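> structure for the following, please:
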Amino acid sequence: MKKKTLYKTLLGIFISLIHFIPFYITITMAFKPLTDFSSRWLLPTELYLDNFVTAIRDAKILLAMQNSIIITVVSVTLIVLVGALAAYPLARFQTKFNRGVLNLVLGVMMVPPLSMLVPLYSNMAKWGGISTYWGIIVVITTFQLPMSIFLYTNFISTLPYSLDEAAAIDGCNKFQTFYRIILPLLKPVTATVVILTGVWVWNDYQFSLYFLQKQDMRTITLAIASFFSNNTSNLNAAAAASLIAILPIIVLYLAMQKYFVKGMVDGAVK
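So this is what the prediction gives:
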């Protein structure tokens, strides 16, 4: 048993190191000037902070972060609320219609989002949703709802139906039962949905590229991409901007990690 534990520990350390390598190289590049052509594996001899100044000044990284925060917070809130409300009747009432709806939700998850880009962009342009908060939020929420509904449905299915019956005896209607009894029990899967969808929305590039065309509406991913063009590139400033961009996600994960694993297991396995 001790040897197995040792092998598992060494394997875990090895995998962790592999995942840490891109982060390490990003740090070394962020603190080196463009004139430093030393190996990216070597730590900088001095802390060069002008890359962060360039990221904030030229790419307007703080404005882009503000846009990303607004879009992420509103989108994730809608995904959580609508997903949980839609999942409750799907989990509690096992009818043919509800099973069909759930199968449809699973089918939508398999559709590549960019396959519908042309008609989606055409409709959003007609409705005036290009380069607006509400336009990108509607698009992102629509494509992330199926996963939210799927996780919530399977998690709620594991909760005993006797909770609903006891609430009904106490005089609660369906909405009151969901709000007072079921919703407080959804913390683990809610943490999972918040982290998964939050990271996806924060890192979104494909939809932001097409639906946010004004410079003042750029998100964090578009701001980082602005350092690369056909003629020039500034990898060091892009690395500095990336370090700034990942801070909110790290804080989010650290704050909700105790619920994350439980929510993934209970939400994915009925």
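
> give the contact list for Leu159.
Going by Cβ atoms under 8 Å, 6 or more residues apart in numbering, Leu159 touches 182, 185. In short, each C-beta sits where N, CA and C put it, glycine included.

> so where's the protein uncertain?
Residues of the chain meeting the criterion pLDDT under 70: 1-2, 256-270.

> mind listing the helices for it?
For the chain, the helices defined by DSSP state H occupy 2-30, 50-57, 61-92, 96-109, 117-126, 133-157, 162-169, 174-177, 187-203, 206-211, 220-225, 235-268.

> include mean neighbour count and distance to Ser39 when you put those helices into a markdown table, please.
Formatted as a markdown table, these follow (neighbours: other Cβ atoms under 10 Å; distance: least, Cβ to Cβ, whole Å):
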| stretch | mean neighbour count | distance to Ser39 |
| --- | --- | --- |
| helix 2-30 | 11 | 9 |
| helix 50-57 | 18 | 18 |
| helix 61-92 | 20 | 27 |
| helix 96-109 | 13 | 42 |
| helix 117-126 | 13 | 40 |
| helix 133-157 | 22 | 39 |
| helix 162-169 | 13 | 60 |
| helix 174-177 | 14 | 61 |
| helix 187-203 | 22 | 28 |
| helix 206-211 | 19 | 33 |
| helix 220-225 | 22 | 23 |
| helix 235-268 | 17 | 14 |
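
> now the ones you listed in JSON lines, with distance to Leu42?
Shown next, in JSON lines, are those (distance: least, Cβ to Cβ, whole Å):
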{"stretch": "helix 2-30", "distance to Leu42": "7"}
{"stretch": "helix 50-57", "distance to Leu42": "16"}
{"stretch": "helix 61-92", "distance to Leu42": "26"}
{"stretch": "helix 96-109", "distance to Leu42": "44"}
{"stretch": "helix 117-126", "distance to Leu42": "42"}
{"stretch": "helix 133-157", "distance to Leu42": "40"}
{"stretch": "helix 162-169", "distance to Leu42": "59"}
{"stretch": "helix 174-177", "distance to Leu42": "60"}
{"stretch": "helix 187-203", "distance to Leu42": "28"}
{"stretch": "helix 206-211", "distance to Leu42": "34"}
{"stretch": "helix 220-225", "distance to Leu42": "23"}
{"stretch": "helix 235-268", "distance to Leu42": "14"}
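
> mind checking which of those helices is nearest Leu43?
The closest of the helices of the chain to Leu43 is helix 2-30. By Cβ to Cβ, the value is 5.9 Å.

> tell me the helices and strands packed up against that closest one.
Helix 2-30 sits against helix 235-268, with contacts defined as 3 or more Cβ pairs under 8 Å, 6 or more residues apart in numbering; DSSP states H and E.

> still on that earlier bit, out of the helices of the chain, nearest to Pro44?
Taking the helices of the chain one by one with Cβ to Cβ, helix 2-30 is closest: 6.3 Å.

> chain center to the closest one: distance?
23 Å (Cα atoms, centre = their mean, to the nearest Å).

> just want the angle from it to helix 50-57.
On the basis of axes from the mean of the first three to the mean of the last three Cα atoms, to 10 degrees, helix 2-30 is oriented at 70 degrees to helix 50-57.

> would you check how far apart Asp164 and Arg180 are?
For Asp164, the distance to Arg180 (Cβ to Cβ, to the nearest Å) stands at 11 Å.
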